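Student: my questions concern the predicted model and sequence given below.
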Amino acid sequence: MNIVIIAGTNRTGSMSKRIAQHIEPMYHAAGAITTVIDLADLPSELFVPTIYKEKPEMFNQFHDPILNADGVVFIVPEYNGSFPGALKFYIDLWKYPEAFEGRCVAFIGLSSNQWGALRPVEHLQGVCGYRNAWQFNERIFINNIWGRWNFEQNTLVPLSPKELDLNELLTSQASGFVQFCSVHSSKT
Ligand SMILES: Cc1cc2nc3c(=O)[nH]c(=O)nc-3n(C[C@H](O)[C@H](O)[C@H](O)COP(=O)(O)O)c2cc1C
């Protein structure tokens, strides 16, 4: 399975990118090939009024992986109670309807607050539902991201010994999503 992982912000030094890189080996262990798309790499030339009509050639490198993906994993940080505008802008450049239609999608939310971007993920799910994507139900919400990320070991650590192990949940999501894609992806 070809899985694209989107770090859903263009913020320099984002935690979303760290999470994207953190889950890549989990997908490899589940037998998938991965591509990470970091919205910080989107060139500023894309932010012009004519972009919706005509895309420059260089946009293909950001778009072809989506069109060829069996599954897309969205890493969704919470910005002002929703998902980042940069992510919506990127999605708005995708080909309609083929980029979303029948595409398998999964979600990981992250926030500095206690809710783990539940609302931003659900906002994005509304978009994906509107565009007829196949949504994987097992979502992960990473709250208190700044307290949970161990910068020395580059991993998520529990805030208390009693809570569920997020790394286990992410591993389970990865294997479950690859299986989901093998059933639903029209690319296979
Ligand atoms: C523009 C902006 C808006 C934010 N709004 C919220 C918010 O509404 N709720 C929240 O819990 N955290 C909010 N945060 C904090 C981020 O969710 C948190 O720092 C997370 O790490 C962001 O992901 P990133 O590191 O990939 O940018 C905001 C951060 C930014 C930059």
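Tutor: Now that the structure is in, tell me what you want to look at. Nothing here was measured: the structure is a model prediction, and the numbers come from that model.

Student: the most centrally placed residue in the chain: which element?
Tutor: Central residue of the chain (Cα atoms, centre = their mean): F74, 1.5 Å from the mean position. If you go by DSSP states H and E, F74 is part of strand 71-77.

Student: is the ligand contacted by that strand?
Tutor: Yes. Interface with the ligand: strand 71-77 contributes P77 (Cβ under 6 Å from any ligand atom). Glycine gets a C-beta too; all of them are placed from N, C-alpha and C.

Student: mean confidence score for that strand?
Tutor: The pLDDT scores in strand 71-77 average 98.

Student: show me what it is packed against.
Tutor: Judged by 3 or more Cβ pairs under 8 Å, 6 or more residues apart in numbering; DSSP states H and E, the packing partners of strand 71-77 are strand 2-7, helix 15-29, strand 104-110, helix 118-130, helix 166-184.

Student: partners of the third one in the sheet?
Tutor: Each strand that strand 104-110 pairs with, and the sense of that pairing, follows from DSSP bridges: strand 71-77 (parallel), strand 134-135 (parallel), strand 140-142 (parallel).

Student: chain center to the second one, what's the gap?
Tutor: Just to be clear, that refers to strand 134-135. 13 Å (Cα atoms, centre = their mean, to the nearest Å).

Student: next: the last one.
Tutor: Here the centre of strand 140-142 is set off from its chain's centre by 12 Å, with Cα atoms, centre = their mean.

Student: check which helix or strand covers K88.
Tutor: Using DSSP H and E, K88 falls in helix 85-92.

Student: re the thing from before, which of the helices and strands packed on strand 71-77 is buried the deepest?
Tutor: Sort those by mean neighbour count, taking mean count of other Cβ atoms under 10 Å, and strand 104-110 sits at the top with a mean of 27.

Student: where in this protein is pLDDT low?
Tutor: Counting by pLDDT under 70, the chain has low-confidence residues at 188.

Student: and it, which residues reach the ligand?
Tutor: So the chain meets the ligand at 9, 11, 14-16, 77-81, 110-113, 145 (Cβ under 6 Å from any ligand atom).
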